[in-house]
Structure formats: structure tokens, C-alpha cells
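1. Kindly return the folded structure for what I paste below:
(one chain, ligands or ions: 3)
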Amino acid sequence: MKTIAKARALFGPTDHFKTIDLPRRELQPNDVLIDIQFAGICHSDIHSVRGEWGQVKYPFVPGHEIAGVVSAVGSAVTQHKVGDRVGVGCLVDSCRTCAQCQNDEEQFCLNGYTGTYGGTDKYGEQTQGGYSTHIVVEEHFVLKIPDGIELDKAAPLLCAGITTYSPLRRWNVGPGTKVAIVGLGGLGHMAVKSAHALGAQVTVLSQSLSKKEDGLAFGASAYYATSDPATFTQLAKTFDLIINTVSAKIDLNAYLSLLAVGGTMVNVGAPSEPLDIHVFSLIMQRRSFAGSLIGGIRETQELLDFCAKHQITPEIEMISADQIDEAYERMMKSDVRYRFVIDVSTI
Ligand code: NAP
Ligand code: ZN
Ligand code: ZN
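-> Numbers count the residues shown, from 1 in each chain. Ligands and ions are numbered 1, 2, ... in the order given. Sure thing, here's the model as predicted:
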């Protein structure tokens, strides 16, 4: 029997969110039915639902920071049981057999992963995300929320948390590493907390100093305004790693000049327009420019356990389903401290 969920959807790029009935597929043997309690709002939701990354089909239900409780399991499910506290991030399926899937990096599945929303599942249906009361997900893609983390605070870890943790690990951030985080929004504030917990020396590069106290409380030891040109002369050739979390176009060459010899700038921010790089920004100090996409399921579970161990949780502002449009507008003005989380019971 299908579960009929309630969800908040857009019917067009400039529409306001409306409530819809959303049928979720009948449980297959390996499926888990989740009663969603909280859903974080990621800036990718805004890019996607407004069609900034390419055409989408409406109605469209975003949301890939999902936390809830298992309410039913298929006959072959072994990893989860009714009552478990669980999460779902950006991935709900992949081939599981290609080299990347075998290497626990399902986000790079050579046959294409299935996104939590805006994708097409193996049954031919468009996937719909977590601004919704229920979701059905194949058990491999369901994460366990450790006891020490409240469900509302767990939700943003499923995208903002893993997207910033993964590059910190890949570029071996630890004691002695000088890391700069560009943009103190949802991703940025998690990057600061995780980099600090890994032992790095963390600097925040934000548009202004208005959030300086917060940034220092999250674990940064320095905080600079990028609106002040002196920042770029003062910090020239300083950082081993810069993580750019900005959702809009920025002057990459200015930021690349802040990398030490051999340093790397990793872009996780995903504006739709191209960013310009002068190759001399890279050549002269043997610098690298890289990208990074969320993280695989194994690493996402590692991140959740890391956050429980180090008592790292996001700063959230809880909203009702009626406030999603307003939250989007605030995020477009960089007015977020530091992640909006929807109380799904209000849908
Ligand atoms: P967010 O909460 O809205 O934060 C973005 C921050 O960027 C803002 O708080 C602001 O920080 C800064 N910013 C915004 N506009 C700016 C501008 N015009 N110039 C300079 N700085 C600006 O967004 P988010 O949810 O963290 O997502 C950030 C980006 O990452 C989005 O593009 C999203 O799609 C992308 N993303 C990528 C992945 C991936 O796998 N690669 C995963 C998730 C999200 P300050 O106020 O501190 O300057
Ligand atoms: Zn996201
Ligand atoms: Zn694969």
C-alpha cells in the first residue's frame, strides 16, 4: 500500500510553497518508511527548485537534510528497525556495483546516483524531497543518528555537515593546518566547527564583521571582512586550504592569492554562473583549485559519529512550514544563523 504523505511543493520557479498530497511508493523488500520530523533548508534547494541549475519538473518538493523515525521496514531490511532515529541526505540510490559505489563514494556512481529530489528513481518516478511528512528510501541510503544528537540538529549534518567534512578529511586537515572558510552560512559554520574539532587553525572570511563573535565561538581563531581590501593584502599567501561555501559568484583570483605555496582552494559553493580563474593565480605558487560533492554513505555515517563524539551540532532556527518562502528570501540576503530547519509536524 502506498503512503500518502503531505508535502510542501513549488509549482513554478517564482511560486510560493503550497501543500500537496504526495504518494510514496509501496515498501519494497529493502525499503524503509520514515516519519520525517525535521528537514533542513540547504541553499541547493533554492538553486534547484528555482531552476537555476537546469530545468526541473513541477510540482517540486525540495529537502535533502532529513531526520525522522523509522515507521515500517520491508521484508529484507536488516540494518534498521521500527523506532530507529534515522537520517537521509542527498542520495537515495545508486548502482552499488560500479568502482565508485564499491569504494563507498556513491555520489560519484559511474552510472549516476539518484538524488533525493529532482531525480528519477529506478521505478521511473520523479524523486521528491524532505519538506514532507514521509519518505521511502532503500535501506543502504538511510543513516543512523547517534543518541547524543537531537533529531532537529541532526538534519543539517546530512548535507551541510558532510559536504564540508569530506574535503577537510580528503585534504588531511589536522593540527597545524591553516584553513580559511569563505562564507559563514549553513555550510560555512559547519566547516568552521569541524575544522576546529580536527585541530586546524581556522579563519573565517565573511562579507562583513557582523557575525564575528559567532565565528570565534564556533572555533575560528581569526575573522576578516572580505569587503575590506586590506584583508587580501594582510592575508596573502597564508592558507594551506580554503573552502569556498559561497552560493554566488566571487572573485576567485583574489581568494587564490591567499593560498600558501602548494595550497588548495576547494569550491563547494555551487552558483550557476561560471567563475573566472587566471591561470597565473595557480601557476605562480603551484596552487590547486578543486571541487567536492557531498560525501558517500560510509563517510556520512563517519561524520555523524564524529559530531556525536565531539559534541558538534549546527546552530538552527526552527521554522514552521508556512515560513519556508520567507526563509528562502532571508537566505538570499545572507540572513541565516545558521540553518533553517522546518518542523515537519506543521506541514
Ligand atoms: P547559505 O546558508 O545561504 O550560505 C551562503 C553564504 O555565502 C552566506 O551566508 C554568505 O556568508 C555568503 N554569500 C552569499 N552571497 C554572497 C555574495 N554575493 N558574495 C559573497 N558572499 C556571499 O548557503 P549554504 O546552504 O551554506 O550553501 C552554500 C552553497 O553551497 C550553495 O551554492 C549550495 O548550493 C552549495 N552546496 C554545495 C554542495 C556540494 O556538494 N558541493 C552541497 C551543499 C550545498 P557571509 O554572510 O558570511 O558572507
Ligand atoms: Zn544541500
Ligand atoms: Zn555506482
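2. what's the offset of stretch 207-214 from the middle of its chain?
-> A distance of 22 Å separates the centroid of the chain from that of stretch 207-214, by Cα atoms, centre = their mean, to the nearest Å.
3. Tell me which residues are up against it.
-> For stretch 207-214, contacts defined as Cβ atoms under 8 Å, 6 or more residues apart in numbering pick out Leu184, His189, Val204, Ser206, Tyr223, Ala225, Thr226, Ser227, Glu315, Ser334, Arg337, Tyr338. Yep, even glycine has a C-beta here, placed from its N, CA and C like the rest.
4. Report the beta-bridge partners for the fifth one.
-> Beta-bridge partners of Tyr223, counted by DSSP bridges, are Val204.
5. how close does it sit to ligand 2?
-> 24 Å (Cβ to the ion, to the nearest Å).
6. same for the host helix or strand of Ala154, what does it pack against?
-> Here Ala154 is covered by helix 151-154, with elements defined by DSSP states H and E. Using 3 or more Cβ pairs under 8 Å, 6 or more residues apart in numbering; DSSP states H and E as the contact test, the elements touching helix 151-154 are strand 31-40, strand 66-73, strand 85-88, strand 316-319.
7. can you do 10 Å?
-> Helices and strands touching helix 151-154, by 3 or more Cβ pairs under 10 Å, 6 or more residues apart in numbering; DSSP states H and E, are strand 31-40, strand 66-73, strand 85-88, helix 297-310, strand 316-319, strand 339-343.
8. Can you show me the helices along this structure?
-> Counting by DSSP state H, one finds helices in the chain at the ranges 43-49, 99-102, 151-154, 160-170, 186-197, 212-217, 230-234, 252-256, 279-283, 297-310, 324-332.
9. which residues does the closest residue to Ala5 other than its chain neighbours form a beta bridge with?
-> In this structure, Ala5 finds its nearest non-sequential neighbour in His134, 4.0 Å apart by Cβ to Cβ, 6 or more residues apart in numbering. With DSSP bridges applied, His134 shows beta-bridge pairing to Asp35.
10. Arg85 too?
-> Under the criterion used (DSSP bridges), Arg85 bridges to Val69.
11. how many neighbours does it have?
-> By other Cβ atoms under 10 Å, 20 other residues sit near Arg85.
12. Who are the contact partners of it?
-> 34, 37, 67-70, 143-147, 149-151, 154 (Cβ atoms under 10 Å, 6 or more residues apart in numbering).
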